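Trainee: quick one, structure for this:
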Amino acid sequence: MALEAYLDIKSIKSKVTAIGSNPVRREVVLGFEDGSVETFDHETGERIHHCYKHKGWVTALSSLAAARVFFSAGNDSTIVTYNGIGSVIDKLNIGSVVYAICYHSRLKQIIFGISNGIQLHEYDTNPANGQVIRETPLSIVFEHKDITTGILMLDKLYSVGFDGQLIIYECRTNKPPIVSKNVNAHTAGITCIIAQKNPIDNSEWLMTGSFDKTAKVWSLDGKALYKFADFSYAVTGLTFVNATKTVWIAAGQHYADVYDPKSGEKVSSFIDTFLNADEKHSDNDKNKPNYCLVSLRYLPEMNIVVASTNTKQFLAWYYKKTGCVSCLRLKSPLENVCYTSTAPILMFTGDTEGNVFKWEQMQSNRIMYSKDRLLKLDGKKDISEYLVQAVSLGETKSATTTTNVKEKENKTNEQGKNDNDEKISTTNSKRAASGKRIKTVSERLPAYYVRSRSSAKIAERERGIGGYVSQYEHLDKQNQPQSLKDLTKTVTGKSILRIIFVEKLDLIIAASEDKNIYVWGFDLEALQALKTLKEESTDENNHTEEGGVANRVVGFTLLKIFSNHTEPVTSLVVVDDVKSFGNVYLLSAGWDRRICIWDLNHYLLYNVYSNPNATHVDMVEAASMGYIHNMDYSPQLKYFAYAAGSDMCVYVRKFSSVGSEMTLMYELKARVDSEVTCIKWNFVTNEWVTGMDNGEFRIWNKDGQLLQAINTRGSIHAIAIDYVQKAILIGNQDTLKVFEMDDYTCVQTNDGHTDVIRDVLFIPERKQYITVSLDCTMRIWNAWSRQSLQERETNVDPETKFSDNIWEDIRKCVKNTIEVEDANSIIDKYFQNRYEPSRFSIHDDQQTDRQVSFVNP
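Mentor: Residues are numbered from 1 along each chain as shown. You can find the predicted model right below:
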């Protein structure tokens, strides 16, 4: 859903002064300061045809699709008409410089914005002599006191000018338009105007930009709705991008400010197009842009935005259906994400600094999200039980100091208060120092695996010998400190390696690199108080329907910290089968190779996996030889599977609440020298899906037999299931790839991340995919749809289908890759040479100019 920059053309000889399009050939038409009118290929930016040269600036460009023509206007007061191939078919001197053009389709009138007013002519969509515009004007209305810079037609006619006025006209048949309202819109000249009227989404508004450094949104009857005044320079360009329902504003910067016109919210920081464009550059920075945007134009037939600049340059962005809908940026790399399906839908992310954030979509639009950080000790006064663990996260020290200060204030004198203040300042300085801790490049880099390594000893793989890089190499591996002081200093800001949401119990569970598991839940006391208050003010029916909303109003508080692991915890799985096992259990595993079973109803350690056949005491609780990286559970089989990195396989065990009864059922072993990074149970097909560092994901049946192996050309770090469209989501390096389950063909690719994707999530309620990455962003994408695929197959062009069939026949006849021109281009050239009319240029002096006749104006 985002627009991506794809053209930056600097090879033009003059500045661009007007932007338009040729609807027949889907070409971009540009008017220049030297009077030239030229067409450009909208995909490559190459110049196609020189159409005409005005005597002075090109002031306006406009197309009339019904007549298959486009027009240009210049400082020479001439309106030039072009046919579909860009040849001049008519010239008309109207006696005034035209600065804007629009149409009244019902009355078949073309309206020109001239100095001090507007001028109306009739047009003919099928002229016999090529003269689309009638030379006799219907009427000329002078209501402005300066140049009319913009006009547009909806149910009424609107015009703006350098006099700062917004004028609304009523159009009448066979009569001149009359002014229904004159609005003093801006304190300086108005440079541009756009409008939108869409009854489907109840969107009706006007927007104007001015030299007074403001942009305003108006109702269609001329009432001010919003005012955007946070610009440092004059607003020179506006355009409404219908594909994303946003407005782009050019105001003296090398980027456009993006707004939601319905809510009036600025959404630039939530979209990928100009995410980091507002970063400040030093004067000596070579990457600092040396231009600013002047004019903007969205061309809907090509789904692109074209912009002119104050230099001899123009830029373009194209609409990408697989682009991200929203891009949410944080200061730290992100590790994982989960969500709750109960309304309102909330998302939770964990990052490499130990933070857990709650995200909620704002009601004003679907692009913006609010963010709240879940504190480790939020809402808890009695923290003695969690003291040691919380100190390791750098949270408790300040809380404890504050509590001590309050107690001493009631017992000590003023000198004691001063001492406490000094302690607080010391604590704050230490926290600030720990907050400034920046991970080194080697710590935050993703796992780039060495594919050609040999099967060396397990111990060597664990130590990283021979170029082997662990999946969690970007994390810190610190020995456990001996003192509480060292504990606080060492493990501040540890990564959240896994996060899940338990819908049945409304719990957020996060596994951390600091060896702890944190459990958040709703504040029950606050919830009960809210329900009591709600019962007094509302009836019981409304109270019952909005119970989920009430839970989220009170917020989350830390309920428990599980501390039984001796190394970072990387895997969490919930076993919610009360009928079979009598309870809701949590399985956790990590680098200590131990599997812990937790009772989530009572927040207790219930049991630990143990091997009854172990021959050494150190191996009794070891579930594998290498670190456990990932885990998943199959409700159908009642099995759980976990990927052990250096073992290069996945162990599948029968779940039991008794650790010694977790029987090994089978192993998923690829028999290739590649580490298994993730495991997922596909409950749609009842199969296991494993991802590997060599770029393969493999499909296994429920009995552990390999069915298929698909290579994605890049290490895999996350897998999710789209059970609605029956697709598998693969986090492949910095790209999300979608494979349908029929024959595992890649049907959609979502790219935009600049670092490894660490987790993938599917939200069926919104038909969206969520990815989090080490590039400090969470991106939201539209889900793949089988319906869109079927539509593309149904609407495929016969020429394209014919060329594809030829190409497939060629591929079947040879074994090696053919480095020749593809079949599409061959067939295109064939049809082009056969059916396309030859281009010819009409010299400017061959066309006879027409002069406007002012008889009966």
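Trainee: quick one: the helices in the stretch 651-800 of the chain?
Mentor: 786-794, 798-813 (DSSP state H, counting those that start in this stretch).
Trainee: which one of the ones you listed has the lowest average pLDDT?
Mentor: Per-segment confidence across the helices of the stretch 651-800 of the chain bottoms out at helix 798-813, which has a mean of 58 in mean pLDDT.
Trainee: skip the chain neighbours and tell me the closest residue to Val502.
Mentor: The spatially closest residue to Val502, leaving aside those adjacent along the chain, is Val574, at 5.5 Å (CB to CB, 6 or more residues apart in numbering). The C-beta positions use only the backbone N, C-alpha and C, and glycine is treated the same way.
Trainee: any idea what that neighbour is bridged to?
Mentor: Val574 has these beta-bridge partners by DSSP bridges: Leu586.
Trainee: what segments of this structure are helices?
Mentor: 387-391, 396-409, 414-435, 441-444, 458-463, 484-490, 524-537, 540-545, 547-554, 578-581, 786-794, 798-813, 823-835 (DSSP state H).
Trainee: and Gln253, how many neighbours does it have?
Mentor: In terms of burial, Gln253 registers 18 neighbours under the definition other CB atoms under 10 Å.
Trainee: contacts only, for the closest residue to it other than its chain neighbours.
Mentor: Distances taken as CB to CB, 6+ apart put Cys292 closest to Gln253, at 5.7 Å, once the chain neighbours are dropped. When contacts are counted by CB atoms under 8 Å, 6 or more residues apart in numbering, Cys292 is found next to Tyr233, Ala250, Gly252, Gln253, His254, Thr309, Asn310.
Trainee: what's the answer for Met741, then?
Mentor: Neighbouring residues of Met741 by CB under 8 Å, 6+ apart: Asn682, Val684, Thr685, Lys726, Ala727, Ile728.
Trainee: with Thr735 instead?
Mentor: If you count contacts by CB under 8 Å, 6+ apart, Thr735 has them with Gly714, Thr749, Asn750, Asp751, His753, Ile757.
Trainee: kindly report the same for Asp734.
Mentor: Residues near Asp734 by CB under 8 Å, 6+ apart: Asp751, His753, Thr754, Asp755, Val756, Ile757, Ser773, Asp775.
Trainee: how many neighbours does Asp751 have?
Mentor: Burial of Asp751, expressed as a neighbour count using other CB under 10 Å, amounts to 17.
Trainee: typo on my end, Asp257
Mentor: 22.
Trainee: I'd say it and Thr239 touch.
Mentor: No - using CB atoms under 8 Å, Asp257 is not in contact with Thr239; the gap is 11.9 Å.
Trainee: can you pull the residues that touch both of these two?
Mentor: Trp248.
Trainee: that older thread, from the contacts of Met741, pick the one nearest Ala644.
Mentor: Relative to Ala644, the closest of the contacts of Met741 is Asn682; by CB to CB it sits at 20.5 Å.
Trainee: next one: that closest one from Ser634, what distance?
Mentor: According to CB to CB, to the nearest Å, Asn682 stands 9 Å off from Ser634.
Trainee: need the residues touching each of the two.
Mentor: Any residue near both Asn682 and Ser634 by CB under 8 Å, 6+ apart counts here, and that gives Trp688.
Trainee: which residues touch Ile719?
Mentor: When contacts are counted by CB under 8 Å, 6+ apart, Ile719 touches Cys678, Ile679, Lys680, Val689, Gly691, Phe697, Ile728, Leu729, Ile730, Gly731, Val760.
Trainee: right, I'll call it a day here.
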